[in-house]
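Chemist: the following comprises the amino acid sequence and a computationally predicted model.
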Amino acid sequence: MSSTSKKAAIEIRGVSRVYGYGNAQVTALDSVFLTIRENEFFTLLGPSGCGKTTLLRLIAGFDFPTKGEILLNGEDIAPLPPFKRPVNTVFQSYALFPHMTVAENIGFGLKMLGRPAAEIKARVDEMLALVHMERMKDRQVSQISGGQQQRVALARALAPKPKVLLLDEPLSALDYKLRKEMQIELKRVQAETGITFIFVTHDQEEALTMSDRIAVMSNGEVRQVGSAHEIYERPADRFVADFIGESNFLAGEIVELKEETGTVRLASGSVIDASLPGEGSPSGKVTVVIRPEHASLGDPGTGSFDGELVDAIYFGTDTHFHVRLDNGETFVVREQNMRQGTVPHDKGSRVAVRLGLRAAQILRD
(Lines give C-alpha, C1' and ligand atoms only; values in the text may rest on other atoms or scores of the structure.)
Protein backbone atom coordinates (compact mmCIF):
# COMPACT_ATOMS: atom_id res chain seq x y z
CA MET A 1 0.00 0.00 0.00
CA SER A 2 1.43 3.42 -0.89
CA SER A 3 1.89 6.30 1.53
CA THR A 4 -0.92 8.10 -0.26
CA SER A 5 -3.46 5.56 1.03
CA LYS A 6 -6.43 7.27 2.62
CA LYS A 7 -6.69 4.66 5.37
CA ALA A 8 -5.75 6.20 8.72
CA ALA A 9 -3.26 4.61 11.10
CA ILE A 10 -3.45 7.37 13.72
CA GLU A 11 -6.19 9.97 14.14
CA ILE A 12 -5.72 12.88 16.53
CA ARG A 13 -9.12 14.41 17.27
CA GLY A 14 -9.26 17.69 19.15
CA VAL A 15 -6.39 16.75 21.47
CA SER A 16 -5.28 19.29 24.06
CA ARG A 17 -2.73 18.95 26.85
CA VAL A 18 -2.67 21.49 29.65
CA TYR A 19 -0.15 21.38 32.50
CA GLY A 20 -0.54 23.12 35.87
CA TYR A 21 -3.47 24.98 37.37
CA GLY A 22 -4.82 28.52 37.58
CA ASN A 23 -2.33 31.24 36.68
CA ALA A 24 0.40 28.61 36.31
CA GLN A 25 -1.40 26.78 33.48
CA VAL A 26 0.62 26.02 30.37
CA THR A 27 -1.08 24.79 27.18
CA ALA A 28 1.31 22.43 25.41
CA LEU A 29 -1.26 21.33 22.80
CA ASP A 30 -4.34 23.28 21.77
CA SER A 31 -7.11 21.27 20.04
CA VAL A 32 -4.91 19.42 17.55
CA PHE A 33 -6.48 17.49 14.66
CA LEU A 34 -4.28 15.21 12.54
CA THR A 35 -4.67 12.11 10.39
CA ILE A 36 -1.57 9.98 9.82
CA ARG A 37 -1.93 7.33 7.13
CA GLU A 38 -0.90 3.70 7.20
CA ASN A 39 2.62 2.97 5.90
CA GLU A 40 3.48 6.66 5.93
CA PHE A 41 6.67 8.42 6.99
CA PHE A 42 5.08 11.35 8.81
CA THR A 43 7.09 14.11 10.48
CA LEU A 44 6.15 16.49 13.29
CA LEU A 45 8.31 19.56 12.68
CA GLY A 46 8.69 22.72 14.69
CA PRO A 47 10.89 24.73 17.06
CA SER A 48 11.57 23.77 20.66
CA GLY A 49 8.45 24.09 22.79
CA CYS A 50 6.00 23.82 19.89
CA GLY A 51 4.32 20.66 21.27
CA LYS A 52 5.68 18.02 18.89
CA THR A 53 7.30 15.85 21.57
CA THR A 54 4.25 16.22 23.81
CA LEU A 55 2.08 14.88 20.99
CA LEU A 56 4.49 11.98 20.46
CA ARG A 57 4.34 11.14 24.18
CA LEU A 58 0.54 11.13 24.06
CA ILE A 59 0.56 8.68 21.15
CA ALA A 60 3.09 6.49 22.99
CA GLY A 61 1.06 6.53 26.21
CA PHE A 62 3.74 8.21 28.35
CA ASP A 63 1.25 11.02 29.01
CA PHE A 64 -2.50 11.46 28.63
CA PRO A 65 -4.49 14.21 26.89
CA THR A 66 -6.46 16.76 28.88
CA LYS A 67 -9.18 16.31 26.28
CA GLY A 68 -9.64 14.76 22.87
CA GLU A 69 -9.22 11.33 21.31
CA ILE A 70 -6.28 9.39 19.91
CA LEU A 71 -7.38 6.59 17.59
CA LEU A 72 -5.22 3.76 16.26
CA ASN A 73 -6.90 1.92 13.39
CA GLY A 74 -10.21 3.39 14.57
CA GLU A 75 -9.89 2.43 18.25
CA ASP A 76 -9.40 5.02 21.00
CA ILE A 77 -6.06 4.29 22.70
CA ALA A 78 -5.85 7.51 24.78
CA PRO A 79 -6.80 5.77 28.07
CA LEU A 80 -4.45 2.79 27.52
CA PRO A 81 -1.03 2.47 29.21
CA PRO A 82 2.05 2.17 26.93
CA PHE A 83 2.42 -1.62 27.21
CA LYS A 84 -1.13 -2.14 25.88
CA ARG A 85 -0.53 -0.10 22.72
CA PRO A 86 0.90 -1.67 19.53
CA VAL A 87 3.34 1.27 19.39
CA ASN A 88 7.09 1.45 20.02
CA THR A 89 9.46 4.39 20.48
CA VAL A 90 13.06 5.10 19.46
CA PHE A 91 14.40 7.66 21.92
CA GLN A 92 16.94 10.41 21.35
CA SER A 93 19.27 8.74 23.87
CA TYR A 94 18.63 5.22 22.40
CA ALA A 95 18.21 3.81 25.99
CA LEU A 96 20.18 0.64 25.23
CA PHE A 97 21.34 -1.75 27.95
CA PRO A 98 25.15 -1.44 28.20
CA HIS A 99 25.62 -4.85 29.88
CA MET A 100 23.92 -6.67 26.97
CA THR A 101 25.14 -7.56 23.52
CA VAL A 102 23.63 -6.14 20.34
CA ALA A 103 21.54 -9.28 19.82
CA GLU A 104 20.37 -9.33 23.45
CA ASN A 105 19.28 -5.71 23.23
CA ILE A 106 17.27 -6.39 20.09
CA GLY A 107 15.58 -9.43 21.62
CA PHE A 108 14.90 -7.91 25.04
CA GLY A 109 11.36 -6.69 24.28
CA LEU A 110 10.40 -10.04 22.79
CA LYS A 111 11.75 -11.82 25.86
CA MET A 112 9.64 -9.57 28.12
CA LEU A 113 6.61 -10.49 26.02
CA GLY A 114 7.25 -14.17 26.73
CA ARG A 115 7.95 -15.19 23.15
CA PRO A 116 9.55 -18.65 22.59
CA ALA A 117 13.37 -18.71 22.35
CA ALA A 118 13.32 -19.99 18.76
CA GLU A 119 10.97 -17.19 17.68
CA ILE A 120 13.15 -14.59 19.43
CA LYS A 121 16.31 -15.85 17.70
CA ALA A 122 14.65 -15.87 14.28
CA ARG A 123 13.26 -12.34 14.75
CA VAL A 124 16.58 -11.01 16.08
CA ASP A 125 18.40 -12.45 13.05
CA GLU A 126 15.81 -10.83 10.79
CA MET A 127 16.28 -7.45 12.48
CA LEU A 128 20.07 -7.71 12.39
CA ALA A 129 19.87 -8.25 8.64
CA LEU A 130 17.42 -5.37 8.23
CA VAL A 131 19.80 -2.86 9.88
CA HIS A 132 22.99 -4.49 8.48
CA MET A 133 24.40 -5.41 11.90
CA GLU A 134 24.85 -9.20 11.55
CA ARG A 135 28.60 -9.12 12.21
CA MET A 136 28.13 -7.00 15.33
CA LYS A 137 25.54 -9.18 17.07
CA ASP A 138 27.85 -10.45 19.85
CA ARG A 139 29.44 -7.10 20.68
CA GLN A 140 28.57 -5.07 23.74
CA VAL A 141 26.73 -1.86 22.79
CA SER A 142 29.52 0.11 24.50
CA GLN A 143 31.88 -1.25 21.83
CA ILE A 144 30.00 0.11 18.81
CA SER A 145 29.66 3.59 17.33
CA GLY A 146 26.80 6.07 17.80
CA GLY A 147 25.40 5.30 14.36
CA GLN A 148 25.50 1.57 15.08
CA GLN A 149 23.78 2.13 18.42
CA GLN A 150 21.05 4.01 16.58
CA ARG A 151 20.56 0.99 14.31
CA VAL A 152 20.32 -1.32 17.32
CA ALA A 153 17.72 0.93 18.96
CA LEU A 154 15.73 0.92 15.72
CA ALA A 155 15.94 -2.87 15.39
CA ARG A 156 14.86 -3.36 19.02
CA ALA A 157 11.83 -1.12 18.53
CA LEU A 158 10.84 -2.91 15.31
CA ALA A 159 11.32 -6.45 16.63
CA PRO A 160 7.83 -6.80 18.22
CA LYS A 161 6.25 -5.69 14.91
CA PRO A 162 4.51 -2.53 16.16
CA LYS A 163 1.80 -0.97 14.02
CA VAL A 164 3.35 2.47 14.57
CA LEU A 165 6.95 3.44 15.30
CA LEU A 166 7.63 6.76 17.05
CA LEU A 167 11.04 8.40 16.62
CA ASP A 168 11.92 11.26 18.98
CA GLU A 169 14.79 13.17 17.28
CA PRO A 170 16.88 9.96 17.09
CA LEU A 171 19.54 11.48 14.79
CA SER A 172 20.29 14.67 16.72
CA ALA A 173 23.36 13.24 18.53
CA LEU A 174 25.07 12.15 15.30
CA ASP A 175 27.56 14.18 13.29
CA TYR A 176 26.43 15.73 10.00
CA LYS A 177 27.74 13.04 7.61
CA LEU A 178 26.48 10.14 9.73
CA ARG A 179 23.11 11.85 10.19
CA LYS A 180 22.76 12.04 6.40
CA GLU A 181 23.57 8.35 6.07
CA MET A 182 21.06 7.41 8.77
CA GLN A 183 18.34 9.48 7.11
CA ILE A 184 18.68 7.25 4.06
CA GLU A 185 18.70 4.15 6.26
CA LEU A 186 15.53 5.17 8.11
CA LYS A 187 13.70 5.75 4.84
CA ARG A 188 14.88 2.38 3.54
CA VAL A 189 13.78 0.54 6.71
CA GLN A 190 10.39 2.26 6.70
CA ALA A 191 9.84 1.33 3.06
CA GLU A 192 10.90 -2.29 3.63
CA THR A 193 8.81 -2.85 6.76
CA GLY A 194 5.73 -0.85 5.68
CA ILE A 195 5.29 0.34 9.29
CA THR A 196 3.92 3.82 9.93
CA PHE A 197 6.78 6.04 11.15
CA ILE A 198 6.05 9.22 13.12
CA PHE A 199 9.25 11.23 13.29
CA VAL A 200 9.89 14.28 15.49
CA THR A 201 12.52 16.86 14.52
CA HIS A 202 13.29 20.56 14.58
CA ASP A 203 15.58 20.18 11.54
CA GLN A 204 13.81 21.53 8.45
CA GLU A 205 16.18 19.89 5.95
CA GLU A 206 15.79 16.53 7.69
CA ALA A 207 12.00 16.80 7.49
CA LEU A 208 11.98 17.84 3.83
CA THR A 209 14.27 15.02 2.68
CA MET A 210 12.71 12.15 4.64
CA SER A 211 8.97 12.71 4.91
CA ASP A 212 5.95 11.63 2.91
CA ARG A 213 4.07 14.40 4.72
CA ILE A 214 4.94 17.00 7.34
CA ALA A 215 2.95 18.74 10.07
CA VAL A 216 4.50 22.09 10.95
CA MET A 217 3.74 23.03 14.56
CA SER A 218 3.98 26.23 16.59
CA ASN A 219 2.74 27.10 20.09
CA GLY A 220 0.82 23.84 20.46
CA GLU A 221 -0.99 24.20 17.13
CA VAL A 222 -0.63 22.60 13.70
CA ARG A 223 -0.01 25.40 11.19
CA GLN A 224 0.12 23.31 8.01
CA VAL A 225 0.11 19.68 6.87
CA GLY A 226 1.37 18.64 3.45
CA SER A 227 4.10 17.07 1.38
CA ALA A 228 7.60 18.54 1.46
CA HIS A 229 6.90 20.23 -1.89
CA GLU A 230 3.62 21.72 -0.67
CA ILE A 231 5.09 22.96 2.60
CA TYR A 232 8.07 24.57 0.91
CA GLU A 233 6.51 25.92 -2.28
CA ARG A 234 3.08 26.87 -0.87
CA PRO A 235 3.51 27.81 2.80
CA ALA A 236 0.17 28.46 4.50
CA ASP A 237 1.29 31.47 6.51
CA ARG A 238 4.28 33.60 7.47
CA PHE A 239 5.40 31.29 10.29
CA VAL A 240 5.68 28.29 7.94
CA ALA A 241 7.38 30.34 5.22
CA ASP A 242 9.87 31.71 7.74
CA PHE A 243 10.55 28.42 9.52
CA ILE A 244 11.01 26.26 6.41
CA GLY A 245 14.05 27.32 4.42
CA GLU A 246 14.94 30.92 3.63
CA SER A 247 12.44 33.54 2.52
CA ASN A 248 12.20 37.17 1.48
CA PHE A 249 9.19 39.00 2.93
CA LEU A 250 8.01 42.16 1.20
CA ALA A 251 5.22 44.47 2.33
CA GLY A 252 2.62 45.45 -0.25
CA GLU A 253 -0.99 46.22 -1.01
CA ILE A 254 -3.50 44.41 -3.20
CA VAL A 255 -4.27 46.29 -6.41
CA GLU A 256 -6.35 43.67 -8.20
CA LEU A 257 -7.48 40.07 -7.68
CA LYS A 258 -7.59 37.60 -10.55
CA GLU A 259 -8.56 33.93 -10.67
CA GLU A 260 -5.37 32.48 -9.15
CA THR A 261 -3.17 35.53 -8.65
CA GLY A 262 -3.26 38.99 -7.20
CA THR A 263 -1.55 42.13 -8.42
CA VAL A 264 0.41 43.70 -5.57
CA ARG A 265 2.03 47.11 -5.31
CA LEU A 266 5.09 46.65 -3.12
CA ALA A 267 6.40 49.22 -0.66
CA SER A 268 9.22 49.85 -3.15
CA GLY A 269 6.62 51.04 -5.68
CA SER A 270 7.08 48.02 -7.95
CA VAL A 271 3.98 46.14 -9.11
CA ILE A 272 4.14 42.34 -9.35
CA ASP A 273 1.78 39.37 -9.69
CA ALA A 274 1.69 36.87 -6.82
CA SER A 275 -0.09 33.58 -6.20
CA LEU A 276 -3.06 33.73 -3.86
CA PRO A 277 -3.00 31.87 -0.54
CA GLY A 278 -4.83 28.54 -0.34
CA GLU A 279 -7.70 29.97 1.68
CA GLY A 280 -9.51 33.30 1.69
CA SER A 281 -9.43 36.35 -0.56
CA PRO A 282 -6.78 38.83 0.62
CA SER A 283 -7.38 42.57 0.49
CA GLY A 284 -5.62 45.72 1.59
CA LYS A 285 -2.12 45.43 3.01
CA VAL A 286 -0.46 42.04 2.60
CA THR A 287 2.90 40.30 2.90
CA VAL A 288 4.47 38.66 -0.13
CA VAL A 289 7.00 35.83 0.19
CA ILE A 290 9.68 35.02 -2.42
CA ARG A 291 12.23 32.22 -2.02
CA PRO A 292 15.84 33.33 -2.77
CA GLU A 293 16.34 30.66 -5.45
CA HIS A 294 13.24 31.89 -7.32
CA ALA A 295 15.03 35.14 -8.16
CA SER A 296 18.17 36.10 -10.05
CA LEU A 297 20.34 39.16 -10.58
CA GLY A 298 20.44 41.31 -13.69
CA ASP A 299 21.46 44.75 -14.85
CA PRO A 300 19.56 47.74 -13.43
CA GLY A 301 16.17 48.27 -15.03
CA THR A 302 15.81 44.69 -16.28
CA GLY A 303 13.93 43.19 -13.33
CA SER A 304 11.09 43.70 -10.91
CA PHE A 305 13.03 46.06 -8.67
CA ASP A 306 16.50 47.59 -8.34
CA GLY A 307 18.97 47.95 -5.52
CA GLU A 308 22.60 47.81 -4.42
CA LEU A 309 24.53 44.56 -4.05
CA VAL A 310 25.90 44.79 -0.50
CA ASP A 311 27.30 41.28 -0.04
CA ALA A 312 27.98 38.00 -1.84
CA ILE A 313 28.45 34.89 0.33
CA TYR A 314 29.91 31.77 -1.28
CA PHE A 315 28.44 28.44 -0.07
CA GLY A 316 30.13 26.04 -2.49
CA THR A 317 27.08 24.82 -4.39
CA ASP A 318 25.58 28.31 -4.59
CA THR A 319 26.16 31.97 -3.73
CA HIS A 320 23.83 34.18 -1.68
CA PHE A 321 23.61 37.77 -2.92
CA HIS A 322 22.31 40.36 -0.45
CA VAL A 323 20.65 43.30 -2.16
CA ARG A 324 19.55 46.50 -0.44
CA LEU A 325 16.47 47.61 -2.36
CA ASP A 326 15.92 51.28 -3.10
CA ASN A 327 13.28 51.52 -0.36
CA GLY A 328 15.70 50.13 2.25
CA GLU A 329 14.40 46.53 2.40
CA THR A 330 16.90 43.67 2.12
CA PHE A 331 16.43 40.95 -0.48
CA VAL A 332 18.48 37.74 -0.80
CA VAL A 333 19.05 36.06 -4.15
CA ARG A 334 20.50 32.54 -4.29
CA GLU A 335 22.13 31.43 -7.53
CA GLN A 336 23.74 28.07 -8.24
CA ASN A 337 27.46 28.29 -8.91
CA MET A 338 28.67 27.29 -12.32
CA ARG A 339 31.99 25.44 -12.61
CA GLN A 340 33.94 28.62 -13.35
CA GLY A 341 32.70 30.07 -10.04
CA THR A 342 32.53 33.67 -11.30
CA VAL A 343 30.53 36.32 -9.47
CA PRO A 344 28.56 38.27 -12.11
CA HIS A 345 28.39 41.51 -10.11
CA ASP A 346 30.73 43.37 -7.78
CA LYS A 347 29.73 44.39 -4.27
CA GLY A 348 28.49 47.96 -4.28
CA SER A 349 27.19 47.77 -7.86
CA ARG A 350 23.65 48.54 -8.93
CA VAL A 351 21.63 45.45 -9.82
CA ALA A 352 18.11 44.37 -10.68
CA VAL A 353 16.25 41.52 -8.99
CA ARG A 354 14.50 39.34 -11.56
CA LEU A 355 11.67 37.09 -10.44
CA GLY A 356 10.97 33.65 -11.87
CA LEU A 357 7.57 32.49 -13.01
CA ARG A 358 5.11 32.31 -10.08
CA ALA A 359 7.96 33.22 -7.71
CA ALA A 360 5.87 35.39 -5.41
CA GLN A 361 3.07 34.28 -3.09
CA ILE A 362 0.68 36.32 -0.96
CA LEU A 363 0.64 34.99 2.59
CA ARG A 364 -2.47 34.38 4.66
CA ASP A 365 -1.19 36.45 7.56
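Modeler: Nice, I can see it. No experiment lies behind these values; they were computed from the predicted model shown. Numbering: from 1, shown residues only.
Chemist: which positions in the longest helix along the chain come out as buried?
Modeler: Scanning the chain for the helix with the most residues, using DSSP state H, yields helix 176-193. Buried residues in helix 176-193, defined by neighbour count with 16 or more other CB atoms under 10 Å: 178, 179, 182, 183, 185, 186, 187, 189, 190, 193. No exception for glycine: its C-beta is placed from N, CA and C like everyone else's.
Chemist: quick check: next helix or strand after that helix?
Modeler: The helix or strand immediately downstream of helix 176-193 is strand 196-201, counting by DSSP states H and E.
Chemist: show me what counts as buried in that next one.
Modeler: Quick answer for strand 196-201 (16+ other CB under 10 Å): 196, 197, 198, 199, 200, 201.
Chemist: in a markdown table: these, plus distance to residue 248 and pLDDT.
Modeler: Output for the buried residues of strand 196-201, formatted as a markdown table (distance: CB to CB, whole Å; pLDDT from 0 to 100):
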| residue | distance to residue 248 | pLDDT |
| --- | --- | --- |
| 196 | 37 | 96 |
| 197 | 34 | 96 |
| 198 | 33 | 97 |
| 199 | 29 | 96 |
| 200 | 29 | 96 |
| 201 | 25 | 94 |
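Chemist: which one of those residues is nearest residue 25?
Modeler: Each of the buried residues of strand 196-201 was scored against residue 25 by CB to CB, and residue 200 proved nearest at 24.0 Å.
Chemist: look up how far residue 211 lies from the closest one.
Modeler: Distance from residue 200 to residue 211, counting by CB to CB, to the nearest Å: 11 Å.
Chemist: shared neighbours of those two, which are they?
Modeler: Residues touching both residue 200 and residue 211 by CB atoms under 8 Å, 6 or more residues apart in numbering: residue 43.
Chemist: what ranges in the chain fall below the confidence cut-off?
Modeler: For the chain, the stretches with pLDDT under 70 are 1-5, 280, 339-344, 365.
Chemist: and it, what are its domains?
Modeler: 8-238, 246-362 (automatic domain parsing).
Chemist: show the end-to-end separation of the last one, please.
Modeler: Same thing as domain 246-362. Distance across domain 246-362, first residue to last, is 16 Å (CA to CA, to the nearest Å).
Chemist: try the longest one
Modeler: For domain 8-238, the separation between the terminal residues is 29 Å (CA to CA).
Chemist: show me where this structure has helices.
Modeler: Counting by DSSP H, one finds helices in the chain at the ranges 52-60, 102-112, 117-130, 146-158, 176-193, 204-210, 228-233, 238-243.
Chemist: the third one: how far from the chain's middle?
Modeler: Read it as helix 117-130. A distance of 32 Å separates the centroid of the chain from that of helix 117-130, by CA atoms, centre = their mean, to the nearest Å.
Chemist: tell me the angle it makes with helix 146-158.
Modeler: Relative orientation of helix 117-130 versus helix 146-158 (axes from the mean of the first three to the mean of the last three CA atoms, to 10 degrees): 140 degrees.
Chemist: in helix 117-130, what counts as buried?
Modeler: Residues of helix 117-130 classed as buried: 120, 123, 124, 127, 128, 130 (neighbour count, 16+ other CB under 10 Å).
Chemist: just the residues contacting stretch 292-304, thanks.
Modeler: Stretch 292-304 has contacts (CB under 8 Å, 6+ apart) with 246-248, 270, 272, 306, 309, 318, 320-321, 323, 331-336, 344-345, 350-356, 359.
Chemist: what residues sit buried inside it?
Modeler: Buried residues in stretch 292-304 (16+ other CB under 10 Å): 292, 293, 294, 295, 296, 297, 298, 303, 304.
Chemist: now stretch 300-319
Modeler: Buried residues in stretch 300-319, counting neighbours by 16+ other CB under 10 Å, are found at 303, 304, 305, 306, 307, 309, 312, 319.
Chemist: which residues are contacting the longest helix of the chain?
Modeler: Helix 176-193 is contacted from outside by 41, 130-131, 146-147, 150-151, 154, 158, 165, 167, 171, 174, 197, 199, 206, 209-210, using CB under 8 Å, 6+ apart.
Chemist: mind giving me the PyMOL select for those residues, buried ones only?
Modeler: Applying 16+ other CB under 10 Å to those, the buried members can be selected in PyMOL as follows:
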select buried, resi 41+130+131+147+150+151+154+158+165+167+171+174+197+199+206+210
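Chemist: which residues touch residue 36?
Modeler: Residue 36 is in contact with 8, 9, 10, 11, 12, 42, 196, 198, counting by CB under 8 Å, 6+ apart.
Chemist: skipping adjacent residues, who's closest to the fourth one in space?
Modeler: Put plainly, it is residue 11. Distance criterion CB to CB, 6 or more residues apart in numbering; nearest residue to residue 11, sequence neighbours excluded, is residue 71 at 4.1 Å.
Chemist: now do the third one
Modeler: Using CB to CB, 6+ apart and skipping residues adjacent in sequence, the residue nearest residue 10 is residue 36, 4.2 Å away.
Chemist: picking that back up, winner for burial among the domains of the chain?
Modeler: For those, the largest average neighbour count (mean count of other CB atoms under 10 Å) is found in domain 8-238, namely a mean of 18.
Chemist: off-centre distance for it?
Modeler: For domain 8-238, the distance to the chain centre is 13 Å (CA atoms, centre = their mean).
Chemist: what's the answer for stretch 233-246, then?
Modeler: Offset of stretch 233-246 from its chain centre (CA atoms, centre = their mean): 12 Å.
Chemist: and the spatially closest residue to residue 97 that is not a sequence neighbour, how close does it get to residue 68?
Modeler: With sequence-adjacent residues excluded and distances taken as CB to CB, 6+ apart, residue 97 is closest to residue 105, at 5.7 Å. Distance of residue 105 to residue 68, given as CB to CB: 35 Å.
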